[in-house]
Structure formats: C-alpha cells, structure tokens
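J.: What follows is a protein structure lacking sequence information:
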C-alpha cells in the first residue's frame with residue numbers, strides 16, 4: 001500500500017517536473033523570438049480580441065468586489081474610529097492584490113481558454129503543421145503576438161478594474177455607511193502611494209505572460225480529436241489560475257517588502 005502511494009507520488013512529481021520544464025522551454029523560445037519584429041497587425045488584433053472584449057466582465061467583477069469589501073469593513077472601522085482610513089485601505093487592497101489577481105483569474109478563464117481553444121483547433125486541423133511546411137515558426141507567428149497582447153492588455157484591464165473597484169467602494173462608503181466623500185478620497189491620498197498601483201501592474205504583466213504561454217502550450221499539446229480541445233482548455237485554465245496564485249505570493253514578497 002505504501003509502495004503504491006509512493007509510486008503514485010513519484011509519477012505525479014515526474015509529470016509535474018516535465019510539464020514545468022516544457023513550459024519554461026516554450027517561454028524561453030518565445031522570448032528568443034522577440035528579437036524579430038512581431039507582426040503588429042496580429043498583435044493589435046489580439047489586443048482587441050483578448051483585452052478590450054474582457055472589459056465588461058472585469059468591470060463588473062471589480063465593481064462588486066470594491067462594494068463588498070467596503071460593506072464588510074466600513075462598520076468595523078467606524079466602530080473603532082478609523083473611518084478616515086477606509087478609502088486608503090480599499091485602494092491599497094485593490095491596487096496591490098485584488099485588482100491584478102482578480103483580473104488575472106478572469107483573463108485566465110476568458111482569454112486563456114480562448115487562446116487554448118484556438119491553438120488546439122489549429123493543431124487538430126493540421127494548420128500548425130502547414131505553418132511548419134511553409135517554413136514559418138508557429139512560436140513566432142502564433143505565440144509571440146498573443147503574449148505581447150496579454151502582457152499589454154492585462155495591466156490596462158487592471159487599471160480600469162482598480163478605478164472601478166475604488167469607485168464601488170466610494171458608492172457604498174458614502175451611500176450606505178454615511179462617510180463623507182471628502183473623507184474617503186482624502187484617505188486615499190494620505191495612505192496610498194503610487195507604488196501600490198504600479199506594483200500591481202507589474203504583477204498583471206507577469207500574469208498576462210503566463211496566461212498566454214500556458215494557453216498556447218496546452219493548445220500545442222492538445223490530444224487529437226474534438227475531445228482533446230476541451231481537455232486542453234480545461235487544463236489551461238486550471239494551470240493558469242494556479243500559477244497566478246503562486247506567482248502572486250512570490251511577487252508580493254519581492255515588490256512589497
């Protein structure tokens with residue numbers, strides 16, 4: 001029984017190390033391909049498709065997150081006489097953590113799955129083999145534009161999400177908890193600093209890079225057939241969300257000592 005358990009653990013560790021190594025090698029090759037100028041037409045199309053179309057769901061997610069956070073903490077802060085810090089606390093929490101992480105999770109679900117479904121469908125229909133026959137690198141043609149688009153648009157979505165989340169907190173603070181507008185916005189300028197926002201944007205860019213690379217990797221490794229597209233899409237979303245939470249921990253340790 002113990003030997004069987006240890007054998008299962010060993011096989012899991014080996015598969016995990018193989019998966020990690022292949023993703024890192026694909027990321028390194030994608031970065032190497034950046035030495036050649038990317039096709040900007042493809043990059044802009046991916047930015048519109050993967051970024052701009054995600055704005056409504058990002059806005060709704062951060063709006064209600066900011067409202068719920070303020071709803072939960074406003075009463076307690078008022079009870080302890082700390083209502084002059086609510087706006088700053090909401091801004092720091094959203095700018096540092098909730099904004100980039102929630103936008104990353106939303107992008108992993110919407111953008112990562114779309115990338116994987118597209119790439120895996122191209123693999124199943126042998127379009128990627130056709131690119132190789134035409135002496136075109138699939139990495140430079142498919143992965144590089146998507147990675148650049150995600151690294152550019154996830155921070156942009158995070159900026160919009162931060163603003164919307166802070167506005168949602170303001171709505172609840174003034175309309176429900178009776179805190180004045182001046183007190184809310186003054187606390188932001190008093191307690192929050194620009195690094196609270198820029199650090200979150202650095203996180204968002206890293207998240208965008210991994211979302212694109214993992215989405216493309218799972219698409220390139222998709223099993224054959226229509227079922228393989230669904231398997232690859234699920235694997236992409238789960239992997240991206242796990243990586244986002246892991247990288248968020250390490251980036252927080254580095255950026256906010």
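T.: Received it, and whenever you're ready, just let me know what you need. Just so we're clear, the structure is a prediction, and the values are computed from it rather than from any experiment. Residues are numbered from 1 along each chain as shown.

J.: Could you pull up the mean pLDDT of the helix or strand harbouring residue 17?
T.: Taking DSSP states H and E as the criterion, residue 17 maps to helix 2-33. The pLDDT scores in helix 2-33 average 79.

J.: out of everything not next to it in sequence, what's closest to residue 104?
T.: Of all residues not flanking residue 104 in the chain, residue 207 sits nearest, at 3.7 Å (C-beta to C-beta, 6 or more residues apart in numbering). In short, each C-beta sits where N, CA and C put it, glycine included.

J.: okay, the angle between the host helix or strand of that neighbour and helix 2-33?
T.: Under the criterion of DSSP H and E, residue 207 resides in helix 194-220. Compare the direction of helix 194-220 with that of helix 2-33 by axes from the mean of the first three to the mean of the last three C-alpha atoms, to 10 degrees and you get 110 degrees.

J.: Following the chain onward from helix 194-220, which element is next?
T.: helix 226-255.

J.: how about that next one: buried residues?
T.: Buried residues in helix 226-255, counted by 16 or more other C-beta atoms under 10 Å: 228-229, 231-233, 235-237, 239-241, 243-244, 247-248, 251-252.

J.: cool, and stretch 65-74?
T.: Using 16+ other C-beta under 10 Å as the test for burial, stretch 65-74 gives 65, 66, 67, 69, 70, 71, 73, 74.

J.: and if you look at stretch 22-30?
T.: So for stretch 22-30, counting by 16+ other C-beta under 10 Å, buried means 23, 26, 27, 30.

J.: How about residues contacting that stretch?
T.: Residues from elsewhere that reach stretch 22-30 (C-beta atoms under 8 Å, 6 or more residues apart in numbering): 139, 143, 144, 147, 209, 213, 214, 216, 217, 220, 221.

J.: cutoff 10 Å now
T.: The contact list for stretch 22-30, computed with C-beta atoms under 10 Å, 6 or more residues apart in numbering, reads 137, 139-140, 142-144, 146-148, 209-210, 212-214, 216-218, 220-221, 239, 243.

J.: Would you mind listing which of those are buried?
T.: By 16+ other C-beta under 10 Å, the contacts of stretch 22-30 give 139-140, 142-144, 146-148, 209-210, 212-214, 216-218, 220-221, 239, 243 as buried.

J.: Dump the buried residues of stretch 22-30 into a markdown table; add distance to residue 37 as well.
T.: Below are those laid out as a markdown table (distance: C-beta to C-beta, whole Å):
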| residue | distance to residue 37 |
| --- | --- |
| 23 | 25 |
| 26 | 20 |
| 27 | 20 |
| 30 | 15 |
